[in-house]
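Asks: quick check, what structure comes out for this input:
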Amino acid sequence: MKRIVILGAGTAGTIMANRLSKLYRSDIKAGDTSITVVDNEVQHVYQPGLLFLPFGIYRPDEIVKPRKKLFPKNVMQVAAVIDRVAPDEDRVYLTDGDVDYLDYEVLIVATGTRVAPEETEGLTGAGWRERIFDFYTLGGAAALGEAMDGWEGGKLVVNIVDMPIKCPVAPLEFAFLADWYFTKKGMRDRVDISFVTPLDSAFTKPVCARELTHILDEKNIELVTEFNTGEVDGANGRLISWDEREQEFDLLVTVPLHTGAEFVGRTPGLGDDMDFVLTNPNTLQAERKENIFALGDATNVPTSKAGSVAHFEAEVLTDNIEAFLKEQPLEPAFDGHANCFIETGFKKALAIDFNYDVQPLPGKFPIPVFGPMSLMKESRINHAGKMLFKWIYWNMLLRGRDLPTVSAQMTMLGKRYPKDLAEKVPSEA
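Replies: Alright, predicted model coming up:
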């Protein structure tokens with residue numbers, strides 16, 4: 001029997017479970033193959049929606065669904081905490097559940113990232129959830145929204161503690177939306193916004209960084225680069241870098257250190273020093289053993305930790321798992337493909353597309369047609385695409401279906417909202 005075990009029921013794990021359940025439907029029915037997903041969470045959060053919670057664009061109930069409803073009946077679900085993987089035994093040890101361990105022929109690690117604010121000195125101390133907030137968790141984003149609603153102004157700092165992080169453009173989007181939000185409230189002149197990053201520019205891709213820096217300048221948002229946060233003094237409202245530079249704040253929106261799952265660190269040889277799985281960047285096979293694979297945010301591959309990446313990886317990984325089980329060579333087909341819309345406020349957004357080797361280049365089309373690699377200027381139609389993605393996420397991406405091209409997505413929008421595309425999309429952004 002071919003036992004496929006998937007660790008993690010987030011975006012990447014759900015996509016893989018659905019794709020593999022279709023591929024092996026007849027084998028599962030015949031009892032020759034089984035697919036099991038392990039996760040101790042009962043809810044699935046639409047993570048791109050966390051960005052919009054603090055601004056009242058979404059409510060928590062609009063971005064959460066029960067996880068059990070996202071899998072077909074032929075996929076078994078195990079609610080448990082992953083203790084460790086034993087690669088030499090082809091076994092996963094579990095705790096806090098009804099099953100102590102699972103054996104496998106193929107293991108897929110899709111456990112995403114873990115937000116670890118406790119790793120930064122002082123971050124969860126004085127001021128935490130009072131004037132220091134994150135928006136990478138459901139509780140953090142909701143608490144930040146409450147704080148912003150009653151805030152009277154001052155120094156707002158958006159700070160990335162370290163890289164990599166999931167959805168790497170989200171902190172920039174937060175700064176752009178904050179500009180819109182406080183302008184809408186009639187108090188932008190009472191708010192100083194700073195974007196503080198450990199990078200040497202606004203973003204990792206130079207062409208895109210130039211465009212984003214231009215937008216920061218237009219919105220009067222200060223850009224502070226090469227700021228490596230070593231300590232947070234919540235009592236006195238100060239960020240302190242390792243080289244002893246300081247940044248004052250009245251309201252801090254932190255993007256804490258991201259790490260991989262803790263069980264990766266308890267499995268010798270599986271991950272790097274941040275517990276991200278050491279993974280072949282093209283085949284998505286783990287370095288530790290040939291029957292272990294990884295995708296999504298859980299890997300150390302040098303591309304963005306984003307939902308679109310998980311989708312593109314899943315297409316390649318589905319084929320490679322089939323090849324592995326047939327004892328055929330794996331295809332080094334994943335090229336680091338990533339794309340996303342970057343919300344810039346006032347119902348506008350950018351759209352970018354890139355891979356390992358090619359950075360986003362200025363687009364040539366009036367609508368965002370990705371490919372070859374592109375960077376589309378701010379437009380209302382890109383914002384419409386951003387808001388449409390929530391429907392695509394729940395109904396297509398998680399279900400393991402091939403996504404429409406961006407031009408096709410715009411056609412879908414045009415048919416539904418033919419008069420004024422961006423205005424008619426349900427959104428307040």
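
Asks: test my guess that F55 contacts A142.
Replies: No. Counting by Cβ atoms under 8 Å, F55 stays clear of A142, with 11.9 Å between them. From N, CA and C alone the C-beta is placed, and that goes for glycine too.

Asks: the more surrounded of these two?
Replies: F55 (23 against 17; other Cβ atoms under 10 Å).

Asks: return the backbone torsion pair for that one.
Replies: Taking degrees, to the nearest 10, you get phi -100, psi 0 for the backbone angles of F55.

Asks: roughly how far apart are it and T183?
Replies: When distance is defined by Cβ to Cβ, to the nearest Å, F55 is 12 Å away from T183.

Asks: what does L172 give?
Replies: Taken as Cβ to Cβ, the span from L172 to T183 is 17 Å.

Asks: the more surrounded of these two?
Replies: L172 (25 against 15).

Asks: for the spatially closest residue to the more buried one that is not a sequence neighbour, report the pLDDT, please.
Replies: Nearest non-adjacent residue to L172, counting by Cβ to Cβ, 6 or more residues apart in numbering: L212, 6.0 Å away. In the predicted model, L212 carries a pLDDT score of 92.

Asks: burial check on L212, number of neighbours?
Replies: Neighbour tally, L212, other Cβ under 10 Å: 25.

Asks: tell me who's in contact with it.
Replies: If you count contacts by Cβ atoms under 8 Å, 6 or more residues apart in numbering, L212 has them with L172, A202, F203, I342, L350.

Asks: list the buried residues for the helix or strand containing the first one?
Replies: Right, the one you point to is L172. Using DSSP states H and E, L172 sits in helix 170-184. Buried positions in helix 170-184, judged by neighbour count with 16 or more other Cβ atoms under 10 Å: 170-182.

Asks: likewise stretch 268-288?
Replies: 270-272, 274-280, 282-288.

Asks: just give me how far that stretch sits from the chain centre.
Replies: 19 Å (Cα atoms, centre = their mean, to the nearest Å).

Asks: contacts for it?
Replies: By Cβ under 8 Å, 6+ apart, stretch 268-288 touches 85, 87, 109, 114, 258-262, 264-265, 267, 292-295, 298-303, 313, 316-317, 320, 324, 330-336, 356.

Asks: need the CA coordinates for it. CSV is fine.
Replies: Presented in CSV, the C-alpha positions along stretch 268-288 are these (Å, rounded to 0.1, in the frame of the first residue of the first chain):
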residue,chain,number,x,y,z
PRO,A,268,18.3,15.9,12.7
GLY,A,269,19.2,16.9,9.2
LEU,A,270,15.8,17.9,8.1
GLY,A,271,16.0,21.6,8.4
ASP,A,272,18.4,24.6,8.5
ASP,A,273,19.1,26.7,11.6
MET,A,274,15.7,28.4,11.3
ASP,A,275,13.8,25.1,11.0
PHE,A,276,13.0,25.5,7.3
VAL,A,277,13.3,22.2,5.5
LEU,A,278,16.4,21.8,3.4
THR,A,279,14.8,21.4,-0.1
ASN,A,280,16.0,20.9,-3.6
PRO,A,281,14.8,24.2,-5.2
ASN,A,282,13.7,22.6,-8.5
THR,A,283,12.4,19.1,-7.6
LEU,A,284,11.2,20.0,-4.1
GLN,A,285,12.7,16.8,-2.7
ALA,A,286,14.1,17.2,0.8
GLU,A,287,17.8,16.7,1.2
ARG,A,288,17.4,14.5,4.3
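
Asks: pLDDT at G269, what is it?
Replies: 97.

Asks: how near is it to K69?
Replies: On the measure of Cβ to Cβ, G269 and K69 end up 36 Å apart.

Asks: can you check M163 too?
Replies: Where K69 is concerned, M163 sits at a distance of 34 Å (Cβ to Cβ).

Asks: who's more crowded, the two?
Replies: M163 (14 against 7).

Asks: make sure the more buried one is indeed in a helix.
Replies: No. Checked against DSSP: H, G, I helix; E, B strand; the rest coil, M163 lies outside a helix; its state is coil.
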